[in-house]
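here you go, sequence then predicted model.
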Amino acid sequence: MSDANQQMVEQYRNDFLREVEENVEEGEWVKMCMQCGVCSGSCPLGPHWDHPPQELFMMIRAGKRDEVLQSTSMWMCTSCYNCIVRCPRELPITHIMHGLAHYAKRLGIAPKNQPTHKFSQLFWNNLSKTGRVNELKLGLALYFMNGLGEGVKTALKMKDVGLGMLLTKRLSPMELIGGHKCKDAKGLQAILKKAEELEAARIPVAGK
Amino acid sequence: MSKKSYSFYPGCSSQKAASASNYMVSVNSMCETLDIELNEIPDWNCCSASIGYAGGGELPRLALSARNMAISEQANPGQDIVATCAACWLATKETQERLHQDDRLMAETNEALAAAGLKVKADQKVRHMVEVLIEDFGYDELGKHVKKPLDGIKIAGYVGCQTNRPFGIDGESYENPKYLDKLVETMGAEPVENYDKKVSCCGGALAFSEPEKSQALIKDIIESAYDGGADMIVTPCPVCQMNVEVYQNHINQKYKTNFKMPVVYYSTLMSVAYGRSGKEAGLDGQVIKAKQLEAIASK
């Protein structure tokens, strides 16, 4: 178990709901859930979630800390916002799912091999480097995120998609060298660094 | 009508040789016809598109969109921010909402922006291009510019998620928004009635990380369009467009289907109906060619 995680376990001993309320984006809404299950029934990838949102909310109240934070479920949120607009209590469920995923990542206990967990981090790394997403580098990083062997296989499987994009000029090999970026990438990085510092001062665990 | 000017946030996918560069081409043609001036936000940055949350906490993600709004306030004062990408629109609008709901977040965001000498008020309207078309022009006005009605083409209006939820287009329902169908009709084509998968999710960014699960969703979206007798699908979202168009071969292999359904943007339809060339409508950007539109464009 990571030090950061251990620190939080001790700080919030037996009160996981309070931990979520204080540290997870929009976490103060969790207690409002009335367990109707509309979110779970509205989720496009719901059948693949071990614990749909309604269940996660009850588990938070029941103090099932490890089961919630180590779950792969919230990493399968497609950000479709179906749950948000249908929730009779108007909980910002999509944001709470992103918040739980980020908090688990921050504590270093998010499921390491969950593909969207990896992709989400790759996306963030990609955009924060230059200020804009480099689609080619992001795609290649994604294909090779599970090592060279699997990467070559995925790249071969995807070559017709890549070729289609290349032929229609919706992908350029030039993106590998240079590529699109913000002129003031340094300024953007300074903003992000300051934002991260301010957030870390509020949530007493450094980001991973 | 006189020229209308907006502060424009194009987003990463709209850049040259990026996945929605064809969208940008058709938007430019459409705007030229409608006398819309798009003033690009100088040096804009990525919004993190509801997927950067592993590495990006709440405040850093809000700061991304806040930087764009701050620069917009400086460079294009008094102009509404307009985005063509669903995710760009959503992230910016969400940031605006969150900053005005929470004084601490507003203060901290400005503290972060100060690191690059910026500050934000976030009080300018944030709008999707479709809202501009419907609210600032209206269907009648949009119809007046039609030179080549898209006669005889049946089109499934795939609205998808993020232009529809949680904000949506004013006056439309989340479960059955009608604006895309009305736009299709205005351009002289026939909308598919009761398109079953109109607001279903294509998997979004998870089409990359969870391809099998997402392709199952995409299959249903295309199948339902065929069931409704559609010749093509139209969408307002770059992620929807790409996801529904480019994986059809993979889906055909896996599900033994025979899909070859063109997927276009509303701006593609409008550019063709407005008499622009195939190139100006971005038709050369179709991985699955929209042959009926090509025929009309070359007439």
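Nice, I can see it.

how close does A:I84 sit to chain B?
Using C-beta to the nearest C-beta, to the nearest Å, A:I84 is found at 5 Å from chain B. C-beta: built from backbone N, CA, C; applies to glycine.

what about that residue, which helix or strand?
In the assignment (DSSP states H and E), A:I84 maps to helix A:82-86.

residue 128 - how many residues pack around it?
Picked chain A for this. Applying other C-beta atoms under 10 Å in any protein chain shown, we find 22 other residues in the vicinity of A:S128.

actually chain B
Using other C-beta under 10 Å, B:H128 is surrounded by 24 other residues.

and the stretch 51-200 of chain B, which residues reach chain A?
For the stretch 51-200 of chain B, the contact set with chain A under C-beta under 8 Å from any C-beta of the partner chain comprises B:51-60, B:62-64, B:67, B:108-109, B:111-118, B:161-162, B:165-166, B:174, B:200.

in chain B, which spans are helices?
Counting by DSSP state H, chain B has helices at residues B:21-34, B:58-75, B:86-101, B:103-113, B:129-131, B:139-144, B:179-186, B:206-209, B:211-227, B:238-246, B:248-255, B:266-273, B:291-297.

correction: the previous question concerned chain A.
Using DSSP H, helices in chain A cover A:3-11, A:16-23, A:38-42, A:53-61, A:65-69, A:82-86, A:93-107, A:115-130, A:135-143, A:148-157, A:159-167, A:185-202.

in JSON lines: those, plus mean pLDDT.
Output for the helices of chain A, formatted as JSON lines (pLDDT from 0 to 100):
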{"stretch": "helix A:3-11", "mean pLDDT": "87"}
{"stretch": "helix A:16-23", "mean pLDDT": "96"}
{"stretch": "helix A:38-42", "mean pLDDT": "97"}
{"stretch": "helix A:53-61", "mean pLDDT": "98"}
{"stretch": "helix A:65-69", "mean pLDDT": "97"}
{"stretch": "helix A:82-86", "mean pLDDT": "98"}
{"stretch": "helix A:93-107", "mean pLDDT": "97"}
{"stretch": "helix A:115-130", "mean pLDDT": "96"}
{"stretch": "helix A:135-143", "mean pLDDT": "92"}
{"stretch": "helix A:148-157", "mean pLDDT": "89"}
{"stretch": "helix A:159-167", "mean pLDDT": "92"}
{"stretch": "helix A:185-202", "mean pLDDT": "96"}
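
need the winner for burial among those.
Stretch with highest mean neighbour count among the helices of chain A: helix A:93-107 (a mean of 26; mean count of other C-beta atoms under 10 Å in any protein chain shown).

state the distance from the residue sitting furthest away from the middle of chain A to A:D160.
Ranked by distance from the centre of chain A (C-alpha atoms, centre = their mean), the top residue is A:L167, with 32.3 Å. Distance of A:L167 to A:D160, given as C-beta to C-beta, to the nearest Å: 10 Å.

ditto for B:A66
B:A66 is 40 Å from A:D160, by C-beta to C-beta.

next: B:I41.
36 Å.

what does A:P92 give?
The gap separating A:P92 from A:D160 is 39 Å, by C-beta to C-beta.

equivalent analysis for A:H180, please.
25 Å.

I'd like to know how many residues surround the residue nearest to B:A91 when sequence neighbours are not counted.
Nearest residue to B:A91, sequence neighbours excluded (C-beta to C-beta, 6 or more residues apart in numbering or on different chains): B:C47, at 3.6 Å. Neighbours of B:C47 under the rule other C-beta under 10 Å: 27.

for the nearest residue to A:D184 once chain neighbours are set aside, give me its contacts.
Among residues not flanking A:D184 along the chain, B:D43 sits closest, at 5.6 Å (C-beta to C-beta, 6+ apart). By C-beta atoms under 8 Å, 6 or more residues apart in numbering or on different chains, the residues touching B:D43 are A:131, A:182-184, B:71.

next up, phi/psi of B:D43, please.
For B:D43, the backbone dihedrals are phi 60, psi 30 (criterion: degrees, to the nearest 10).

quick check: closest non-adjacent residue to the residue farthest from the centre of chain A.
Closest to A:L167 by C-beta to C-beta, 6+ apart is B:V287, at 7.8 Å.

one more: B:A230?
B:A156 (3.9 Å).

report the beta-bridge partners for the one you found.
Assessed by DSSP bridges, B:A156 has beta-bridge partners B:I233.

what's the burial count for A:A62?
By the criterion of other C-beta under 10 Å, A:A62 has 12 neighbours.

what distance do you get for it to chain B?
The value you get for A:A62 to chain B, if C-beta to the nearest C-beta is used, is 25 Å.

next, that residue: phi, psi?
Main-chain torsions, A:A62, degrees, to the nearest 10: phi -90, psi 0.

OK, contacts around the closest residue to B:A17 other than its chain neighbours?
Among residues not flanking B:A17 along the chain, A:S172 sits closest, at 3.5 Å (C-beta to C-beta, 6+ apart). A:S172 makes contact with A:136, A:166, B:16-17, according to C-beta under 8 Å, 6+ apart.

out of the residues you listed, who's nearest B:R276?
Nearest to B:R276 out of these is B:K16 (C-beta to C-beta; 19.3 Å).

which pLDDT value does the model give the closest one?
In this model, B:K16 is scored at 93, pLDDT.

how many other residues sit next to B:G275?
Using other C-beta under 10 Å, B:G275 has 17 other residues around it.

distance check, the residue lying closest to it once chain neighbours are set aside against B:R276.
Leaving aside its chain neighbours, B:G275 sits nearest to B:K147 (3.6 Å; criterion: C-beta to C-beta, 6+ apart). Per C-beta to C-beta, B:K147 is found 9 Å from B:R276.

what does B:E190 give?
Applying C-beta to C-beta to B:E190 and B:R276 gives a distance of 21 Å.

more neighbours: these two, which one.
Using other C-beta under 10 Å as the criterion, B:E190 and B:R276 rank with B:R276 on top: 24 against 17.
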